[in-house]
Structures are given as structure tokens and as C-alpha cells.
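Engineer: Have a look at this prediction, sequence included:
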Amino acid sequence: MKKFNVIIVYNKENNKILMCRREKEPYKGKFNLVGGKVEQGEPELYAAYRELQEETGITKNDITLTNLMNFEYLMSDMELEVYAGILKHDVKLIEELNKLYWIDKKENFFDMEKFAGEGNIGHMLKQVEDFKDKIFNA
């Protein structure tokens, strides 16, 4: 099974979410969460921190990630792991491929014209809000 991850990063004030604008399909031109591929045999949490650092420059010292949920796509033989965390302090972002943006968390993340994921981002962010005490105090 192929594994991928997405990471929900909140700024230290917890009022913005870090997103990228996709440069390629699927969802080219839409905002998406950062993340990437989990390598064969790689520990999942390690992969989340690695992808986060590669795509944004944010390190394990800057944020504590919590595994929020996993989606298993049986017909595609794929699993998507979702992590969330809040920055401990301001961080200078370093872009890899996709341009990075801080998006106000009051945005309508179910807007499929603007955001990737068929509404899944909105669902994930609702879960973070529902369990924010467990996630941010981990």
C-alpha cells in the first residue's frame, strides 16, 4: 500500500493555517495542505516531520505533530495520514516546490473551487477544532 501524509500547521497565534498552492495535478492551482510520500519502511511520524521540513523548513523543534486520522483508499491501494500541530514560535518558511501561504482559519475550507481534496480539508480542520485540547497539548 502506498502511503502519503498531509500536515495541518497552525501559526503560534492559532488563527492561520499553512497551505501551499499546487503547481501540478491533481488540484493544480488550488490550495492544499503540505505533505508528501512516506517511503517504504519509513516510520510514519518521522516521514511527517521529514516532509514538513523539506517543504517548509519547519523542524521538529518548531512544532509537535499529532496523528489526527488516517484515510484508507482501498480501491487505490493508498493510505493518507493526517497530522496536526501548532508552531511553538515564529518560523522563517523555506519553500520547496509549491508557494506557501498563511490562510485565515475562518476561511471556508469546503470550497472546492479554491481548496484541494473534495472537501476533505474542511473535514480535517473540523476534527482539529473538535479535539484541539488533545492535539495542541500533546
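Structural biologist: Everything's here; your move.

Engineer: any chance you could map the helices in this protein?
Structural biologist: For the chain, the helices defined by DSSP state H cover 44-56, 120-130, 132-136.

Engineer: out of those helices, which comes closest to Lys99?
Structural biologist: With Cβ to Cβ as the measure, helix 44-56 is the member of those nearest Lys99 (10.9 Å). Every C-beta, even on glycine, is put in place using the N, C-alpha and C of the backbone.

Engineer: Need the per-residue pLDDT for the most far-flung residue of the chain relative to its centre.
Structural biologist: Centroid-distance maximum for the chain: Met75 at 23.0 Å, with Cα atoms, centre = their mean. Per-residue pLDDT puts Met75 at 96.

Engineer: check contacts around it.
Structural biologist: The contact partners of Met75, taken as Cβ atoms under 8 Å, 6 or more residues apart in numbering, number zero.

Engineer: Could you do Leu87 as well?
Structural biologist: Neighbouring residues of Leu87 by Cβ under 8 Å, 6+ apart: 9-12, 58, 62-63.

Engineer: which of the helices of the chain is buried the deepest?
Structural biologist: Most buried of the helices of the chain by mean neighbour count (mean count of other Cβ atoms under 10 Å) is helix 44-56; its value is a mean of 19.
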